[in-house]
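What follows is a protein structure lacking sequence information:
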Ligand code: NDP
């Protein structure tokens, strides 16, 4: 089978690669097993020395990697560059903190000595999406590797060059071979690998349906798994909010990466007495966004990553129209490329698809509510629980409201961003487990108790 990388702006094929057979995967995974034996015997300090070189390589080659990201999935180039820089930052973070996080924890049990020690599990399979082709992989791999595991990657089939390039980052940084290995494979072989007990844990970032399939298989094989799935994050604007700042953040949060982010604000829930001011300010911000060639430094909105997304986004807008909304497309039309114009849906209602499913593209529904209680009710009314934003001039009020929102992250007067210093993940259909911080570092370790009597 061939994996094809298509440029969503030019619609031309960038690169094609032969995918790996199951037998080739078996051979590579055998090598990963040998690499684990060596890698897990190193101290955390020794492992983090390698990370320093990874950060160096990322910073040195950031323009090269950014161009590959943009060519493969259409992200505006300045955002691709920022993505690569963030990958270097996660290395810095674990270099500084991993030793402390992974040190033995002594507990007084009355025995001579009792402690908890954190040991790696083995080979961890990362199944990753195309929306942040570098960041999603580093967010999974750096803590996993730091803890002494080795990683194999099954990346999304539309970003094979990024997948190979990430492996090269580790090799160029001097990592021993097969501590990080990319397997160019389809979902079928990936599932065989889990079923046949070839790996010791799985981490998936992607859609709910992929998460559900992988969770079932990993559960059957009794393997630990982390699922980082979709979201339909509410963005609540109370009447005492700074409307101008809220509108700026709303546009940024919804349209970054052309709306293709799990933690993008996806439903704007605004109190009725400020709805007019918010709509005006929000539309102004949306109209400032430059749509076009993602390689252009000025571009804010590029094409969506796959051709079929244009049709699915159009269907979502049509559904809202049928149910009484009057969507407004903003910005210019582009002649070539998989473009979808940023679309504002005022007076959206809970029965519309746009307010229920995960909308992965530049569509912004705005729901008007009469008070805070209604805002919370609507915020919690989807199957997701990833992130949420609350805007208010009264921080005490905002924090109280934050407690009532069922999600893994709440940002008050700001936007939700993944940050290595904070745990990242969701509840309900948004996933299981956490990435990043010390919580993420300990997802794939054996938390072993040792008691000396
Ligand atoms: P998928 O969830 O299908 O893909 C994500 C990753 O999972 C890819 O590597 C994919 O491989 C792999 N995958 C999918 N199904 C299986 C399976 N059964 N076994 C093994 N691997 C599997 O997302 P899509 O790219 O199809 O996007 C569809 C929707 O998913 C988006 O519109 C969005 O709503 C959501 N999504 C959410 C993301 C997030 O960050 N939470 C990221 C990406 C998508 P392959 O590419 O080969 O199919």
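All right, it came through fine. Note that this is a predicted model, so its numbers are computed, not measured. Numbering: from 1, shown residues only.

Now do the lengthiest helix in the chain, average pLDDT.
In the chain, with assignment by DSSP state H, the single longest helix is helix 77-101. The average of the pLDDT scores along helix 77-101 is 98.

Report how many residues lie close to residue 403.
If you count neighbours by other Cβ atoms under 10 Å, residue 403 ends up with 8. The way it works is simple: take the backbone N, C-alpha and C, and place the C-beta from them, glycine included.

In which helix or strand does it reside?
Per DSSP states H and E: residue 403 is located in helix 395-404.

Does anything pack onto the longest helix of the chain? Which helices or strands?
Helix 77-101 is packed against helix 44-60, helix 62-73, helix 135-146, helix 437-441, with contacts defined by 3 or more Cβ pairs under 8 Å, 6 or more residues apart in numbering; DSSP states H and E.

Can you mark which positions in that helix are buried?
In terms of neighbour count (16 or more other Cβ atoms under 10 Å), helix 77-101 has its buried residues at 77-81, 83-91, 93-95, 97-98, 101.

buried stuff in the helix holding residue 403?
398, 401, 402.

Next one: residue 242 from residue 273, what distance?
To residue 273, residue 242 is 15 Å away according to Cβ to Cβ, to the nearest Å.

swap in residue 357?
Distance from residue 357 to residue 273, by Cβ to Cβ: 29 Å.

Same drill for the two, tell me which one is more crowded.
residue 357 (18 against 12).

Now do that one against residue 282, distance only.
Relative to residue 282, residue 357 is positioned 22 Å away (Cβ to Cβ).

Can you tell me, leaving aside adjacent residues, what's nearest to residue 370?
residue 272 (5.6 Å; Cβ to Cβ, 6 or more residues apart in numbering).

okay, now that neighbour: neighbour count?
12.

Tell me which residues touch it, please.
368, 369, 370 (Cβ atoms under 8 Å, 6 or more residues apart in numbering).

Filter those down to the buried ones.
Buried among these by 16+ other Cβ under 10 Å: 368, 369.

between the contacts of residue 272, which is nearest residue 439?
Each of those was checked against residue 439 using Cβ to Cβ; the closest is residue 369, at 33.1 Å.

what helices or strands is the helix holding residue 403 leaning on?
Helix 395-404 packs on helix 372-379, strand 387-391, strand 409-412, going by 3+ Cβ pairs under 8 Å, 6+ apart.

what's the first one in contact with?
Helix 372-379 has contacts (Cβ under 8 Å, 6+ apart) with 234, 236, 238, 267, 269, 271, 350, 355, 367, 369, 388, 401, 404-405.

which one of those has the most neighbours?
residue 236 (30 neighbours).

quick one: the helix holding residue 403 to chain centroid distance?
Distance of helix 395-404 from the chain centroid (Cα atoms, centre = their mean, to the nearest Å) equals 26 Å.

hey, which of the helices and strands packed on helix 395-404 is tucked in deepest?
Scoring the helices and strands packed on helix 395-404 by mean neighbour count under mean count of other Cβ atoms under 10 Å gives strand 387-391 as the most buried, with a mean of 29.

starting at the chain centroid, how far to that strand?
Centre-to-centre, strand 387-391 and its host chain are 17 Å apart (Cα atoms, centre = their mean).

That one packs against which elements?
strand 233-237, helix 243-255, helix 395-404, strand 409-412.

what do you get if the cut-off is 6 Å, keeping everything else the same?
strand 233-237, helix 395-404, strand 409-412 (3 or more Cβ pairs under 6 Å, 6 or more residues apart in numbering; DSSP states H and E).

between the ones you listed, which gets nearest to the ligand?
Nearest to the ligand, of all the helices and strands packed on strand 387-391, is strand 233-237, at 11.2 Å by Cβ to the nearest ligand atom.

list the buried ones in stretch 210-223?
Those would be 210, 211, 213, 214, 215, 217, 218, 221, 223, for stretch 210-223 by 16+ other Cβ under 10 Å.

Which residues does it contact?
191, 194, 197, 201, 202, 204, 225, 227, 229 (Cβ atoms under 6 Å, 6 or more residues apart in numbering).

please redo it, this time with the cut-off set to 7 Å
127, 191, 194-195, 197, 200-202, 204, 225, 227, 229, 431 (Cβ atoms under 7 Å, 6 or more residues apart in numbering).

What of stretch 424-436?
Against stretch 424-436 from outside (Cβ under 7 Å, 6+ apart): 139-140, 208, 211, 226-231, 383-386, 406-408, 418, 420, 422-423, 440, 443.

do stretch 12-23 as well
1-7, 71-72, 160-161, 183-186, 189, 192.
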